[in-house]
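Colleague: Quick one: sequence and predicted model below, then my questions.
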Amino acid sequence: MTRHPRGGSLAPGIINQTPADGAPRGERRRALTVTVMWLIAALALLCLTSLLIGAGEVGPLTSLATLVGHPIGAATGSDEARFVMTELRGPRTLVGLAVGASLGIAGALLQAVARNPLAEPGLLGVSAGSAFAIAVALVLGASAATLRVSVAQLGAVCGCAFVLGASRLNAVGQDPIRLVLTGAVLSGLLGALTSLLLLMDQRAADEIRFWLVGSLAGRRLADLQAILPSLALAATITLTIARPLSALALGERVAVGLGHHPRRVRLLAIAVVAMLVGAATAVAGPIAFVGLVVPFAARAIAGPDIRRTLWLALILGPMVVIAADIVARVVVAPSELSLGVITALIGAPVLIAVVRSRRLPTL
Amino acid sequence: MDTSSPASTTGLGDLSDSGSSADHRQQADVIRPPAGHWRLALPMAGNEAALLIDRRALVANLGLLLALLILGALSLCLGSVTLSPLASARALFGQGSAMDSFLIHELRLPRLAAGIATGGAFALSGCLMQTLARNRLATPGIIGIDNGATAFAVASVVGLGVSLAPPALALVGAATATALTFGLAGGIGTRGYRFIVAGIGVGAVFGALTQLMLARVDIDTANAAYPWTVGSLNARDPVSLKVLEVSLLIGLLLSRRIAQALNVLRFSDSVAAGLGIQVTRCRRWALMLSVSLTALAVSVAGPVGMVALIGPELARHLSSPRGVPLVGSALAGALVMVSADLAGRLMLAPLEIPVGIVTAVIGGPVLLWILLRPTRKVP
Amino acid sequence: MMPTHHPTSAPLSAHDLELGYGHGNAGRGKSQHSVIEGLNISLPAGQVTAIVGPNGCGKSTLLAGLARLHAPRRGAVHLDGQDIQHIPAKELARRLALLPQETHAPEGLTVAELIRFGRQPHQGFLQQWSREDARVVESALAAANLTALADRTLDAMSGGQRQRAWIAMAIAQQTPLLLLDEPTSALDLGHQLEVFELVRSLAAAGKTVVIVVHDLDSACRFADHLVAMQAGRIIAEGRPKDVVTTALLRELYGIDCTLLSDPVTGSPILANMRRAATPNADNGMQASSQACVSGA
C-alpha cells in the first residue's frame, strides 16, 4: 500500500462524487460506512483497554469490576481502583482522545496546505517550535498551565511560518522531500536550542524534562480544560474551510474559479494547525509522526478528499495515540515509556513507505 | 599564475600565433602545469614521475592545520583552571608541577586527541558520503547511521546480555542502519533526496530504540549511557580512542587512493564510467570507509553528526572546486570539534555544554542555508 | 589542430544485443523488462551516425550499452573485434568516450579544469601531468573553440558553450570513438548549430561519432548515417536521404508529412506535418501516456 491511486493533481475521489457514476458511488459509500463503524468500535475498545490496563497495581479485572460496579470473580472494586480510574486513567484517556484528534487533523490540514504527503507537524518543526517556546517561557519564569497553551501555540505559529515561508524560497516547496528536510533541520536546531536553555536553567529543566519527551502520564482534567477553548475554535474554523480546501486540491486557479479565496483559506488552515499542535504539545509534549500516520491511513481508507480525511482523522488520531499510550505503559512496566518513542516506531516505517512510493503524490 | 591562452581563437585555435610564440618555445623545455597547480617532477628510472599539487588546496590545508594547532594549544591552556601557555608547555614536556602535569596529561591532552580524532573521522566520513551520494545533505548523521551506531553502542553499555566492546557494536549498528537506509530507499536515487528522507526514518527508529533501552534500565546505567544520546567528549573510552586514531590514519590513506575516482564521481555515474572509473567499486570503498569511520567516532564521542556536515562545508569553501577536499575536511572537522568542545566547556563554566549540542546549534543554520540557498545552476 | 594520429578502422558493433534495467533501479518502472532485444548494429568508421526515434524507443539505452554502462543480458558489443566486457575500464576510456545526457559539474569548476578530467584515463598516480596532457588539453580547447573561455567557470556560460566544454572533455580523452547522448536537447537553435558544427569537425578529423538526436531535421542535415529505432529495434538505417521516407515517419512517430529536399545540402526536410489518420497502437499509447505526464 505504498502507492496512492492518483493521477497528477486531479483527485479521483472528488471526481467519483459526480452524480454521473451513481452505482459505484453508493457502493463505495456503504463500504466506507461499514469501515467507519468498525473503526469507531475499535476506538471504543481501545479507550476501554486504556482504562483497564496500567503500570500500577490495579489489574484489569479489578478495574473492570470497579467500572461496572459489581465484583467480578475474586476482584472487587476498591477505593484505590476508583481513584486510579477517575483521577488517573480516565483523564489520561480523555487527554489522549483530544491530543490524537488534534494531531491527526492538524496533520491532514498541513498536508493539504503544503500539498505534500510528508508534511507533518512533528517533522516540519511545528511541535519543536511549541516546545522551544515553552522552554523559553519557563526560563523566563512563567508556569501557569493556560499560559503554557498560548505560548505553545505562538511557538507553533512561528514554526509553521518558518517552514511554509521557506517553502516559498527557491521552489523548495515544490519538492516535497526538500521541504521535509527543511523541517527536520529546523526541528533539530530547535531541539538543540531547547536542550541548551534547559542546561542553563535547572529549575525549568526539572519542570519539563518529562514533558519534553512526549507523554500522557499524569495528565489531569485541568490540562484538558486549558485546551478545550482552542480545540472548539479550531473545530469551528475547520468546518468552514473544509469545502474550500477540497477545491484547492484541484489547483489554485480552479479554487478561485469556484469562488473561493485560496490565500484566506490557507491562512486559516495554518492558524488551525498552530492552534491544534500548540494545544496538543502543551498538554502532551512534542509527539512526532501522528500527523503523518493518520492522514496516510485515512487516505488509504477513504481516498484523497480532504473532507473525508478530516472526519477519519477524528477517529484514527485518537486510536493511534491511545494505542501508543497503552503500549508505552505496558512495555517497560512498572516504569513508563515516552509516547514519542512509540509513535516514532510506528511512524518511521510509514514515512519510509511514503518516500518509497515511486511517484510522490502531490496533494 | 597561468594567464596564457587567449592569444588566438581564430581559425581552429592554432596556438603558434604572434604573441604566444615565446611561451610556446618555453613550453618545449618546461612542462607548464595547469592553472593553480605546482607540478612536482621526480626523476625516476625509465619514466619520469610527476605529481600535481593544487596550490589552493595546499594553502587551505596548511591554514587549517595552523588554526588547529593554535586552538589545540588554547584548549590545553583554558578550562576550569587556566594555565599560562608557558606552564602548559612545561607540563606537556614533563617539567611542570604535578598538578599541571595531571591536568594536561590525564585530562586535557586525551580530550584534545579525542576531539581531533572524532572531528576528523566524522568530517572525512561526511565528505565521502556526500560525494558518493552526490548530495551535500547526505551525511551519516542525517541518514541515520549515527543513530544506528548509537543504539548498538548503548545496547552494549546498558548490557542487554552482550558485553562486546562499544566500537565493535557501533560498527555493527552503523552497518545495519546503512543497509536499512540503502535497502529501503532502493539505492541512491537521482539527487539523493529520497534516500535522505528514508534515512531520517531509519534514524528515528534507532533513536526511539535508544530511548527505549535507556528507559528500561535503572538511573545509574542510564546516566552512564546519557552522553551517547547527545554526543560529548566527556565519556571517551581510551581503547575506543586508540582504535579510532589508527582507523582514521588508515582511512585517510585509503581515501587518498580513491581521491581521483571520487573527483570524477561528482559529475555523474555515466561520466565517471566514461572516464574509466569503476564506479561501483569506488562507491563501495567510499561507503565502507565512511560507515566505519562514523561508527568508530560514535563509539568515542556519541552522535556528533553535525561535524560531518560543517567540516566538509568549511573545507569546500576554503579549498578549490577542482577536487574533493578529503584531507581538508578531516582537518576542518577536527577544528570544528575542538572549538565546539572548547566553547562548550567555557561558555557556561563550571557547567559543561555537551559538544553535540554546540555543534547542533552551529550546524542547524548551516544546513538550512544549504537547503534554502538560491541555486544558480539552470537544469 | 585536431589530434589525428588514431587510425579509424571499423570500430564498434553489437550483435544480438539485449539490454534492460534490473529490478534494483528505483527510478524505472517495469522491472525485468527488456528495453532492447536482438539488436544488431555496426557503426561506419569516420562518420557521424545519428540515432533517432520516438521517446522511450531505447536510443539512450543503446548508447549506454555501447559504452558498457549497461551489461548486456544477451549478445555482446565489440570494439575493434574485442568484447567490451573484457576490456579494462581505463583502457576502454582511452578508446571510447561517452558524453551522457545528464551532466552535472561541481560549482566553480572552470572549462580548462573540466577538460583536464578527460586526461584521467591517460594518467596514473605517479603520472599526473605530462607534456602530452598539456598539449591535448590545449588542442581540445581549440577544437571546441573555447580557448578564450578556458578560465571561465561552467555555471557562468551559456548552454551551448557548456555543452561544447563537455564535448571538449570527451575530445581530450583522445579516443577514436565518441558517443554523445542528446547533446543538443536542451539548447536553442543557435546553440544546437554550435554543437552540430563541432561534431562535423570531429568527423572531419577522422573520428567516429555516434550521436543520439531528438530532432530529425538536424539529424538528416548533420549525420552521414541514420539509425531509426522503434520499440527497442532498428527499423531502418543508411544514408539519411535513402532512409527517411513518409512510410518510415508514419511508423516512427505516427505522423504524415511532405518530404522536401534542402535546396543547398539536399538533405530531407519535413513539411506539412500532421498526425497520421490511424496511428498504430504503440504510438497511441505513447501519446496518451505523454498526456498523463504533462498533466501531472
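Modeller: That came through fine.

Colleague: pLDDT weak spots in the chain?
Modeller: This is for chain A. A:1-25, A:55-58, A:67-78, A:142-147, A:170-177, A:207, A:209-210, A:333-334, A:357-363 (pLDDT under 70).

Colleague: Let me rephrase: I mean chain C.
Modeller: Applying pLDDT under 70 to chain C picks out residues C:1-10, C:22-32, C:278-296.

Colleague: Show the residue spans covered by the strands in it.
Modeller: Here chain C has its strands, by DSSP state E, at C:12-20, C:34-42, C:48-52, C:74-79, C:82-83, C:96-99, C:177-181, C:208-212, C:225-230, C:233-238, C:255-261, C:268-275.

Colleague: any idea how far chain C is from A:W311?
Modeller: 28 Å (Cβ to the nearest Cβ, to the nearest Å). (Each C-beta comes from the backbone N, C-alpha and C, glycine too.)

Colleague: Tell me the spacing between the residue of chain C most remote from its centre and A:A112.
Modeller: Most distant from the centre of chain C: C:L126, at 33.2 Å, with distances by Cα atoms, centre = their mean. Applying Cβ to Cβ, to the nearest Å, the value for C:L126 to A:A112 is 61 Å.

Colleague: cool, and B:L293?
Modeller: Look at B:L293 and A:A112: by Cβ to Cβ, they are 43 Å apart.

Colleague: What of A:V290?
Modeller: Separation of A:V290 from A:A112 (Cβ to Cβ) stands at 16 Å.

Colleague: Name the residue in the two with the higher neighbour count.
Modeller: Higher neighbour count among A:V290 and A:A112: A:V290, with 34 against 26, using other Cβ atoms under 10 Å in any protein chain shown.

Colleague: you'd agree that one is up against A:I105?
Modeller: No: here A:V290 lies out of contact with A:I105, judged by Cβ atoms under 8 Å, at a distance of 10.4 Å.

Colleague: which stretch of helix or strand covers the residue nearest the centre of chain B?
Modeller: Among the residues of chain B, the one closest to the centroid is B:A123, at 1.3 Å (Cα atoms, centre = their mean). Element membership for B:A123, per DSSP states H and E: helix B:109-133.

Colleague: ditto for A:L216
Modeller: A:L216 belongs to no helix or strand, assigned by DSSP H and E.

Colleague: and it, how far is that from A:D325?
Modeller: 5 Å.

Colleague: if we can go back for a sec, identify the contacts common to A:V290 and A:I105.
Modeller: Contact criterion Cβ atoms under 8 Å, 6 or more residues apart in numbering or on different chains; residues shared by A:V290 and A:I105: A:G317.

Colleague: A:A204 and chain B, how far apart?
Modeller: Per Cβ to the nearest Cβ, A:A204 is found 14 Å from chain B.

Colleague: Thought A:L138 was touching that residue, still the case?
Modeller: Yes: counting by Cβ under 8 Å, A:L138 is a contact partner of A:A204 at 3.9 Å.

Colleague: coming back round to it: grab the nearest non-local neighbour of the residue nearest to the centre of chain B.
Modeller: B:G333 (2.2 Å; Cβ to Cβ, 6 or more residues apart in numbering or on different chains).

Colleague: And for that neighbour, the neighbour number?
Modeller: Residues within reach of B:G333, counting by other Cβ under 10 Å, total 33.

Colleague: re the thing from before, so the residue nearest to the centre of chain B makes contact with B:R316?
Modeller: No: contact criterion Cβ under 8 Å: B:A123 and B:R316 do not qualify, at 11.1 Å.

Colleague: How about the host helix or strand of A:L97 and chain B, any contact?
Modeller: Assigned by DSSP H and E, A:L97 falls within helix A:90-114. No: Helix A:90-114 is not in contact with chain B by Cβ under 8 Å from any Cβ of the partner chain; minimum separation 14.6 Å.

Colleague: Now do the very next helix or strand once past that helix against helix A:90-114, angle only.
Modeller: Once the chain leaves helix A:90-114, the next helix or strand it forms, by DSSP H and E, is helix A:126-139. Orientation check (axes from the mean of the first three to the mean of the last three Cα atoms, to 10 degrees): helix A:126-139 against helix A:90-114 gives 120 degrees.

Colleague: In the very next helix or strand once past helix A:126-139, which residues are buried?
Modeller: Using DSSP H and E, the next helix or strand after helix A:126-139 towards the C-terminus is helix A:145-168. Within helix A:145-168, the residues scored as buried using 16 or more other Cβ atoms under 10 Å in any protein chain shown are A:148-160, A:162-164, A:166-167.

Colleague: which residues in chain C form helices?
Modeller: C:59-66, C:89-95, C:111-117, C:131-143, C:159-172, C:189-204, C:216-222, C:240-243, C:246-253, C:281-295 (DSSP state H).

Colleague: Tell me where the stretch 151-300 of chain B is predicted with low confidence.
Modeller: Per-residue confidence for the stretch 151-300 of chain B (pLDDT under 70) gives these ranges: B:159-164, B:186-193, B:216-226, B:235.

Colleague: Check the closest residue to B:T176 other than its chain neighbours and give its pLDDT.
Modeller: Excluding its sequence neighbours, the residue lying closest to B:T176 (Cβ to Cβ, 6+ apart) is B:G148, at 5.5 Å. For B:G148, the pLDDT comes out at 91.

Colleague: show me the contacts for B:G148.
Modeller: By Cβ under 8 Å, 6+ apart, B:G148 lies in contact with B:G173, B:A174, B:A175, B:T176, B:A177, B:T178, B:L180, B:V202, B:G203, B:F206.

Colleague: So which of these sit within helices?
Modeller: Of the contacts of B:G148, the ones assigned to helices by DSSP H are B:G173, B:A174, B:A175, B:T176, B:A177, B:T178, B:L180, B:V202, B:G203, B:F206.

Colleague: How about chain B: which residue is closest to chain A?
Modeller: B:G364 (2.8 Å; Cβ to the nearest Cβ).

Colleague: Just the element for the spatially closest residue to that residue that is not a sequence neighbour, please.
Modeller: Spatial nearest neighbour of B:G364, excluding adjacent residues (Cβ to Cβ, 6+ apart): A:L189 at 2.8 Å. Per DSSP H and E, A:L189 falls inside helix A:176-200.

Colleague: Contacts for the helix or strand that that helix is followed by next, please.
Modeller: Using DSSP H and E, the helix or strand that follows helix A:176-200 in sequence is helix A:202-212. Here helix A:202-212 makes contact (Cβ under 8 Å, 6+ apart) with A:131, A:134-135, A:138-139, A:143, A:194, A:197-199, A:217, A:285-286.

Colleague: Which elements pack onto the helix or strand that helix A:202-212 is followed by?
Modeller: Following helix A:202-212 in sequence order, the next helix or strand is helix A:221-248 (DSSP H and E). Applying 3 or more Cβ pairs under 8 Å, 6 or more residues apart in numbering or on different chains; DSSP states H and E, we find helix A:221-248 packed against helix A:90-114, helix A:145-168, helix A:252-257, helix A:262-284, helix A:306-331.

Colleague: Could you say which of these is packed most deeply?
Modeller: Most buried of the helices and strands packed on helix A:221-248, by mean neighbour count (mean count of other Cβ atoms under 10 Å in any protein chain shown): helix A:90-114, with a mean of 27.

Colleague: now it against helix A:262-284, angle please.
Modeller: Using the same axes, to 10 degrees: helix A:90-114 against helix A:262-284 is 150 degrees.
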